[in-house]
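Peer 1: build me a model from this:
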Amino acid sequence: MTESTRPARTPRAYAAFVGIGLLAGVLSGLFGVGGGTVIMPMLVLLLAFDQRLAAGTSLAAIVPTASVGVISYALHGSVAWIPAAILAAGAVVGAQIGTRLLPRISQTALRWCFVGFLVVVIVTLFVVIPSRSAVFELGLLNGVLLALVGVGTGILAGLIGVGGGVIVVPVLMLAFGTSDLEAKGTSLLMMIPTAISGTIGNLRNKNVDLVAAGVIGVSACTTTALGAWLATLIDPLLGNVLFAAYLVVIAVQMALKAIRGRRR
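Peer 2: As a prediction, the model looks like this:
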């Protein structure tokens, strides 16, 4: 890796790391996502990070961020521990499949399919409002389905670098009838082993800026609990509307990448 892929350690760079972390932490706690959809594009746009280095740095920063988020949701009893473990196991397997399929599948087609998935989710979020009193009851059938969701999430993460809460939170709410808070807490717990596994691989390939990841991760930890607290105060319907708006931003980002990829 050349030195040009890493930005200079200027006061502006450190200020940007802190700002990115603070924003990612709030969104992570509020929506049950890792924050990677905020961290990665901001590292590229604001600090000219190489795409792979940004992705690896983002994944490493997610580990402490998600950990604080899990603690915050667990204090409210909003984490399904065993389902999260099943999802994580499936995601780790799926990520390996995704990385192997990467050279053989059209990225443009995949991105458009993902945009289509997000559009369906966004529409459904205005139709299905989760109940705060709903409890995830694990059985054989939904246990198998959870593992499949985990594998699918991991494959998408390996193929296009998007996964985690963006997929798991809406699926848990809409397909499994989980409450919005439990879906978010469970999603954050699932991300921790997945992010650790991915970070180990990225470290081997020198695709992680540990200093940037550390500053972003620590900064995010200071606001993740705030985001999780806000999630408990917001009405489920409003929570769905805000999450839908967040997904619209991600869908637009993915569509722009698909358009650029097709032009190339």
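Peer 1: what ranges does the chain have for its strands?
Peer 2: Here the chain has no strands by DSSP state E.
Peer 1: tell me where the model's unsure across it.
Peer 2: Along the chain, the parts satisfying pLDDT under 70 run over 1-8, 99, 102-103, 158, 160-163, 263-264.
Peer 1: how about the helices in it?
Peer 2: Applying DSSP state H to the chain gives helices spanning 11-31, 36-47, 51-75, 81-101, 107-125, 140-160, 165-174, 180-204, 210-233, 236-263.
Peer 1: Ala134: which of the ones you listed is closest?
Peer 2: Closest to Ala134 of these is helix 180-204 (CB to CB; 7.4 Å). All C-beta spots, glycine's among them, are computed from the backbone N, C-alpha and C.
Peer 1: for Ala48, grab phi and psi.
Peer 2: Phi and psi for Ala48, reported as degrees, to the nearest 10, are phi 60, psi 40.
Peer 1: residues near it, how many?
Peer 2: Each residue near Ala48 was counted by other CB atoms under 10 Å, and the total is 12.
Peer 1: ok, now the one 10 residues further on?
Peer 2: The local packing of Ser58 (other CB under 10 Å) involves 33 other residues.
Peer 1: contacting residues for it?
Peer 2: Taking CB atoms under 8 Å, 6 or more residues apart in numbering as the contact definition, Ser58 lies against 34-36, 39-40, 43, 213, 216.
Peer 1: try Ile155
Peer 2: Applying CB under 8 Å, 6+ apart to Ile155 gives the contacts 94-95, 97-98, 101.
Peer 1: from Gln51, how far out is it?
Peer 2: Distance, Ile155 to Gln51, by CB to CB, to the nearest Å: 20 Å.
Peer 1: ok, Arg204 next?
Peer 2: Look at Arg204 and Gln51: by CB to CB, they are 18 Å apart.
Peer 1: from the contacts of Ser58, which two are the most distant?
Peer 2: Spanning the widest gap among those are Gly34 and Leu43, at 14.1 Å by CB to CB.
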